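Chemist: got a sequence here, can you build the structure:
(4 chains)
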Number of protein chains: 2
Amino acid sequence: MESTTESAGLRRRPMQRRSAERYERILNVCAELLDEVGFAGLTTTEVAKRAEVPIGTVYQFFADKSALVHALAARNLETYMERLERRYGEAAPRSVEEVVDVAIDEFVDMRRTLPGFGVLDFGAGSEWSEADPRDLYLLDENVENNTAVARRLRMLTPFLDSSRAGSAEIELALRVTMEAADAVLQLAFRSDPEGDAALIAECKKLLVGYLGPYYVG
Amino acid sequence: MESTTESAGLRRRPMQRRSAERYERILNVCAELLDEVGFAGLTTTEVAKRAEVPIGTVYQFFADKSALVHALAARNLETYMERLERRYGEAAPRSVEEVVDVAIDEFVDMRRTLPGFGVLDFGAGSEWSEADPRDLYLLDENVENNTAVARRLRMLTPFLDSSRAGSAEIELALRVTMEAADAVLQLAFRSDPEGDAALIAECKKLLVGYLGPYYVG
DNA sequence: GACTAACATGAGTCATTCTCAGGTTAGCGG
DNA sequence: CCGCTAACCTGAGAATGACTCATGTTAGTC
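Modeler: Here you go, the predicted structure:
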């Protein structure tokens, strides 16, 4: 159930190489454009033009504009999780400080270098996720997604477990952590395109303080 | 320079009673509609129809849709700050726990009862604030706004001052606090329309832990 | 009552999302 | 090689919605 990589709203999944390439190209162009014109400035027409596909093709893959952006967010999240897994695999963190450091540094790095990452990182609580409240499935899906991420994060940080808390409590804490971190880092990059250093430091303090009690050496 | 109650994008300020009433009515309808159809579903046409004013009138007050929503957010913020000032005035908080309790309970209450508050509370980091990155003034204004709020919050919590930190550091901390609290509470209300109690409790823990060190009894 | 400036109106313009009828290609059996 | 089918591709255009502006209306003043 790769709920983080796929989402409702995908219309046809690219099967052949040619299609897959177009699909990726559309996503890449979408990311580029988000950096250039922002979310509200994004038009499907322009995406199609830049990706050199007819507009119809975009809508063959994605049910609507929101699905396109969702798919990009999912890809970003996937990339981020892979990077985290790799870093934690290379050198298992020995403290909450280390976990937080790695997670945030990786985030900051992606935000600086990966097109489109800034505009919608994971889209945890962003507008487009509740773009249309009539699409309640989106909301639900989002919550699921959020939980799935927390679950995955937990696997990456086994030493948080077996503390005084049950795993449900840990998942809750991780969801809170993600949401808060996302918001503060968003602020950091709003103040300074390169990421305000003071705010990034505060973000780490915030998370370490909150997660500290869950730590069991 | 009441930067929190007014914003660029206001075209004409209602001068006469009649105009002022229409202005308020438009804002109220906007709030109602946000609850019903969400941000993305909001149309200026519908706002005008419900407020029983011609569409042109809406645009006489507000430069564009974003300005309308901004104005509502500003009004919400103003209401919230007034409520906080009142509560803190009635019973001066004696600890960080009390400050956080009051601030969050008041927020939760407003979110439950005030139309439109949920969709855009203060709009700190929401999409519509960076709706169009070409409007950099919006971004700047937003940062200003953010800072102004932090400043105002600081006045409400004098006992945080004169601790080991300078007032710039306090303001930074308060901005971080606002951003994080907003995000976590947003999550709480996304999980449960009445506000997930566990998440609200976690939010308090998060803030108390973070602000604790700034406290000087 | 005549004059003026501020205010109000909504049909129309333009930009944008998304559809769908019709065209193209790929694969395959004969 | 041909004919057939199913999958895939295309972009003109329908539908919607933000926003304007020429024209009409009101309120204030002498």
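Chemist: test my guess that residue A:151 contacts residue A:171.
Modeler: Yes - the pair residue A:151 / residue A:171 is scored as a contact, 6.2 Å apart, by CB atoms under 8 Å. Any C-beta I mention is one placed from the backbone N, CA and C, and that applies to glycine too.
Chemist: and the two? which has more neighbours close in?
Modeler: residue A:171 (18 against 14; other CB atoms under 10 Å in any protein chain shown).
Chemist: which strand or helix spans the more buried one?
Modeler: If you go by DSSP states H and E, residue A:171 is part of helix A:167-191.
Chemist: tell me the angle of that helix relative to helix B:167-191?
Modeler: 130 degrees (axes from the mean of the first three to the mean of the last three CA atoms, to 10 degrees).
Chemist: next secondary structure after helix A:167-191?
Modeler: Per DSSP H and E, the helix or strand that comes after helix A:167-191 is helix A:197-211.
Chemist: does that following helix reach chain B?
Modeler: Yes - Helix A:197-211 is in contact with chain B by CB under 8 Å from any CB of the partner chain, via A:198, A:199, A:202, A:203, A:205, A:206, A:209, A:210.
Chemist: what's the helix or strand where residue A:87 lies packed up against?
Modeler: For residue A:87, the enclosing helix or strand under DSSP H and E is helix A:65-90. Helix A:65-90 sits against helix A:17-41, helix A:44-51, helix A:96-113, helix A:117-120, helix A:136-156, with contacts defined as 3 or more CB pairs under 8 Å, 6 or more residues apart in numbering or on different chains; DSSP states H and E.
Chemist: residue contacts, residue A:177?
Modeler: Contact partners of residue A:177, counting by CB atoms under 8 Å, 6 or more residues apart in numbering or on different chains, are A:207, A:210, A:211.
Chemist: kindly report the same for residue A:116.
Modeler: By CB under 8 Å, 6+ apart, the neighbours of residue A:116 are A:30, A:31, A:32, A:33, A:34, A:35, A:72, A:76.
Chemist: element containing the residue of chain A found nearest DNA strand D?
Modeler: The minimum distance from chain A to DNA strand D, using CB to the nearest atom of the strand, falls at residue A:56 (2.2 Å). Secondary structure from DSSP H and E places residue A:56 in helix A:55-61.
Chemist: chain center to stretch A:24-31, what's the gap?
Modeler: The chain centroid and the centroid of stretch A:24-31 are separated by 16 Å, computed with CA atoms, centre = their mean, to the nearest Å.
Chemist: residues of that stretch that come out buried?
Modeler: Judged by neighbour count (16 or more other CB atoms under 10 Å in any protein chain shown), stretch A:24-31 contains these buried residues: A:26, A:27, A:28, A:29, A:30, A:31.
Chemist: how far away is the fourth one from residue B:87?
Modeler: The one in question is residue A:29. To residue B:87, residue A:29 is 50 Å away according to CB to CB, to the nearest Å.
Chemist: now the helix holding residue A:56: how far from the chain's centre is it?
Modeler: 24 Å.
Chemist: repeat for stretch A:152-162
Modeler: 19 Å.
Chemist: do any residues in that stretch lie close to chain B?
Modeler: No - on the criterion CB under 8 Å from any CB, stretch A:152-162 is out of touch with chain B, staying 14.8 Å away.
Chemist: export that stretch as CSV, just CAs?
Modeler: What follows is stretch A:152-162, C-alpha atoms only, in CSV (Å, rounded to 0.1, in the frame of the first residue of the first chain):
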residue,chain,number,x,y,z
ARG,A,152,8.1,5.1,9.2
LEU,A,153,9.9,7.7,11.2
ARG,A,154,9.5,5.5,14.2
MET,A,155,11.2,2.6,12.6
LEU,A,156,14.1,4.9,11.9
THR,A,157,14.4,5.7,15.6
PRO,A,158,14.0,2.5,17.5
PHE,A,159,15.8,3.8,20.6
LEU,A,160,12.9,6.1,21.2
ASP,A,161,10.8,3.1,21.8
SER,A,162,10.6,0.9,24.8
